[in-house]
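# Structure of the sequence below:
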Amino acid sequence: MELAIFIILSGSIIVILACLASIFWFGGLLLPILFSGAPFVPSSKERVDTMIKLANIKPTDHVVDMGSGEGQFLIKSIKAGAQSADGYEIHPGLVVFSRWRAKRNKMQNKIHVFQKSFWKADVSKATIVFLYLLPNHMVKLETKLKNELPIGARIISNEFTFPNWTPVKQEEKIYVYEKTGS
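Next up, the predicted model:
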């Protein structure tokens, strides 16, 4: 009888923990939609590789990923030779996972993942910015980047365009922009 009670209680605890983990993970996936309007949608390996190639990363580059998800752009940017990479992500589970991936790849000194909105990101030192946002945020982000990025910075946008900024390069709905002096 005591064994049966123990088994029932143990099973109940496991179910409760699984429910809490699900709420944490899937509830966290709703945060971007509620606060910034963009859900987490990972890019395919081929798409990431194309974006990295189009970024033309150099050893002096400081990369920023706006909505860094699981950190794949951060890691691939460092592997491509970037000096450092910062990710901005509001989903706590993805932040933990990104930091773990950076540590596993021995890049924790070059990659920094911040759990905060990319609207509050400091992009003043960024030379490359990666983004994959919904069209309704591109106008506001265009203004932020034009005001804050240094001249010569490159922006690589997956799928969506800035309404008032002409891309310098385009490939398979990947758009490359460059901040100029005007």
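
# since we're on residue 60, how many residues are nearby?
When neighbours are defined as other Cβ atoms under 10 Å, residue 60 has 9 of them. The way it works is simple: take the backbone N, C-alpha and C, and place the C-beta from them, glycine included.

# Now do the same for it: helix, strand or coil?
What DSSP: H, G, I helix; E, B strand; the rest coil gives for residue 60 is coil.

# Please report how far the nearest residue to it once chain neighbours are set aside lies from residue 93.
Excluding its sequence neighbours, the residue lying closest to residue 60 (Cβ to Cβ, 6 or more residues apart in numbering) is residue 83, at 5.9 Å. Noted for residue 83: a distance of 28 Å to residue 93, by Cβ to Cβ, to the nearest Å.

# what's the answer for residue 130, then?
20 Å.

# Those two: who's more crowded?
residue 130 (28 against 17).

# Report the next helix or strand after the helix or strand encompassing that one in sequence order.
Using DSSP states H and E, residue 130 sits in strand 128-131. Sequence-wise, the next helix or strand downstream of strand 128-131 (DSSP H and E) is helix 138-148.

# Other residues contacting that following helix?
66, 119, 122-124, 129, 131, 133, 153, 155, 157, 160-165, 179 (Cβ atoms under 8 Å, 6 or more residues apart in numbering).

# Okay, and which of those residues map to strands?
66, 129, 131, 155, 157 (DSSP state E).

# If any of the residues you listed are buried, give me the PyMOL selection for them.
Only the buried entries of the ones in strands among the contacts of helix 138-148 go into this PyMOL selection, using 16 or more other Cβ atoms under 10 Å:
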select buried, resi 66+129+131+155+157
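
# For the buried ones among the contacts of helix 138-148, write the corresponding ChimeraX selection.
The buried residues among the contacts of helix 138-148 can be selected in ChimeraX (16+ other Cβ under 10 Å) with this line:
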select :66,123,129,131,133,153,155,157,160,161,162,165,179
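
# Specify which member of the ones in strands among the contacts of helix 138-148 is nearest to residue 58.
residue 129 (14.7 Å; Cβ to Cβ).

# For that closest one, give me the pLDDT.
Model confidence at residue 129, given as pLDDT, is 98.

# residue contacts, it?
Contacts of residue 129 (Cβ under 8 Å, 6+ apart): 63-66, 123, 145, 149, 153-156.

# would you list these in CSV and tack on pLDDT and distance to residue 43?
Output for the contacts of residue 129, formatted as CSV (pLDDT from 0 to 100; distance: Cβ to Cβ, whole Å):
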residue, pLDDT, distance to residue 43
63, 98, 15
64, 98, 16
65, 97, 11
66, 95, 13
123, 97, 20
145, 97, 19
149, 98, 22
153, 98, 21
154, 98, 17
155, 98, 15
156, 98, 11
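
# That'll do, ta.
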